[in-house]
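Engineer: predicted model, plus sequence, below.
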Amino acid sequence: MLTKDQEQLLNLYNSALALYKERKWQEAKVGFEKALAVVPEDGPSKLYLTRCEEYLKHPPDDDWDGVFVMKTK
């Protein structure tokens, strides 16, 4: 059974992830920030927040398929 915070996190995360997949980086970033306000240690939200910030600076090519390609190690 999920706690109230976990359920809220899940809803916020799923909404933000859908925006991410639609290439709506700024809106997704806000969604992941809201998720982290509920559960600050949520790793997936932190990861996708970082990716949104990177894509806002350097958008992927038009043929982007959702796969994140690491540029550095």
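Structural biologist: On my side now, so go ahead.

Engineer: give the contact list for W25.
Structural biologist: Taking C-beta atoms under 8 Å, 6 or more residues apart in numbering, we find W25 in contact with C52, Y55, L56, P59. Every residue, glycine included, has its C-beta placed from N, CA and C.

Engineer: hey, which helix is longest across the protein?
Structural biologist: Across the chain, the longest stretch assigned as helix under DSSP state H is helix 4-21.

Engineer: hmm, who's touching it?
Structural biologist: 2, 27-32, 34-35, 38-39, 42, 44-45, 48, 51-52, 66.

Engineer: please redo it, this time with the cut-off set to 6 Å
Structural biologist: Contact with helix 4-21 is made by E27, A28, G31, F32, K34, A35, V38, V39, S45, Y48, G66, as judged by C-beta atoms under 6 Å, 6 or more residues apart in numbering.

Engineer: tell me which element the fourth one falls in.
Structural biologist: Per DSSP states H and E, F32 falls inside helix 25-38.

Engineer: could I get the average pLDDT for that helix?
Structural biologist: Computed over helix 25-38, the mean pLDDT rounds to 98.

Engineer: now do the buried residues in stretch 38-47.
Structural biologist: Within stretch 38-47, the residues that count as buried by 16 or more other C-beta atoms under 10 Å are V38, V39, D42, S45.
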